[in-house]
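Engineer: fold the following.
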Amino acid sequence: MYSCTVVEPEIEQNLGFLARTMANFGIEELRLVNPQFSIGEDARTTAVHAQAILDDARIYETMEDAINDIDVAIGTTGVESSSSNVLRNPITPATMADRAADVEGDISVVLGRESKGLSNEELSQCDLVVTIPTTDEYPVMNITHAGAVVFYELYKNQTATAGESVSTRAQKETLEKVFKDIMGHLDYSAEDRERTMQCITNFVGRSFMHTHEANTLIGFFKELETEIGDDR
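Structural biologist: Okay, here's the model as predicted:
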């Protein structure tokens with residue numbers, strides 16, 4: 001199931017337009033993190049026939065709470081990637097949708113604030129990061145327009161037949177913990193550990209590995225960690 005999570009939305013009318021866009025592509029669940037306004041007439045007017053999405057919106061205090069039960073969180077950013085910033089190493093919506101087509105779990109598209117988007121810390125909580133190719137002169141899109149592009153790609157790639165179950169958030173967290181335990185046996189500086197773990201988190205999130213693949217890797221790396229520990 002798809003949902004949309006918006007972190008600290010700032011413009012009420014935009015939320016109505018976003019709800020309308022969600023309805024266009026069959027996304028019914030809206031999650032709001034610390035909204036900067038109460039949902040009122042301005043949002044309802046721009047939502048038109050999608051007001052039920054606003055009525056059923058779920059409110060959370062933190063982004064962590066909002067995506068805690070989500071299997072795949074897709075962060076969005078208009079900031080270009082760089083080799084020095086592993087948090088902002090995004091893929092295109094088309095690539096993301098291809099990978100998400102067989103996911104049986106819950107997917108949420110995470111949109112940031114109108115003024116400054118998602119922070120690095122918030123992007124780090126996502127399983128992968130998406131950016132929409134735009135002109136260099138004005139690369140940042142309004143959240144409603146960005147949402148429409150991502151929703152469209154997801155909708156276009158929905159398949160009639162269910163694929164194999166994709167690894168859950170709990171499995172991905174276990175796999176990352178095993179990697180971290182292994183690094184505890186290696187001579188890595190704190191800075192190198194942090195950067196390596198972020199790369200591993202990015203890799204695990206982008207891979208969309210299946211349940212049996214995740215379990216196989218967890219078992220293998222647990223054995224490796226035990227062997228390394230016994231040899232030291």
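Engineer: the protein: strands as residue ranges?
Structural biologist: For the chain, the strands defined by DSSP state E occupy 2-7, 29-33, 58-60, 72-76, 107-111, 128-130.
Engineer: quick one: closest of those strands to residue 137.
Structural biologist: Smallest distance to residue 137 across the strands of the chain (CB to CB): 19.8 Å, for strand 72-76. For glycine as for every other residue, the C-beta is placed from the backbone atoms N, C-alpha and C.
Engineer: avg pLDDT for the closest one?
Structural biologist: Mean pLDDT, strand 72-76: 93.
Engineer: who touches the lengthiest helix in the chain?
Structural biologist: The residue-count maximum for a helix in the chain (DSSP state H) belongs to helix 211-231. If you take CB atoms under 8 Å, 6 or more residues apart in numbering as the criterion, helix 211-231 is touched by 164-168, 171-172, 174-175, 178-179, 181-182, 185, 209.
Engineer: change it to 7 Å
Structural biologist: If you take CB atoms under 7 Å, 6 or more residues apart in numbering as the criterion, helix 211-231 is touched by 165, 167, 171-172, 174-175, 178-179, 181-182, 185.
Engineer: again, but for stretch 116-128
Structural biologist: For stretch 116-128, contacts defined as CB under 7 Å, 6+ apart pick out 7, 63-64, 67, 72-75, 77-78, 87-88, 91, 96, 110, 112, 129, 198, 205-206.
Engineer: with stretch 22-33 instead?
Structural biologist: If you take CB under 7 Å, 6+ apart as the criterion, stretch 22-33 is touched by 2-9, 19, 50, 53, 57-60, 62-63, 66, 108, 151-152, 155.
Engineer: alright, calling it a day.
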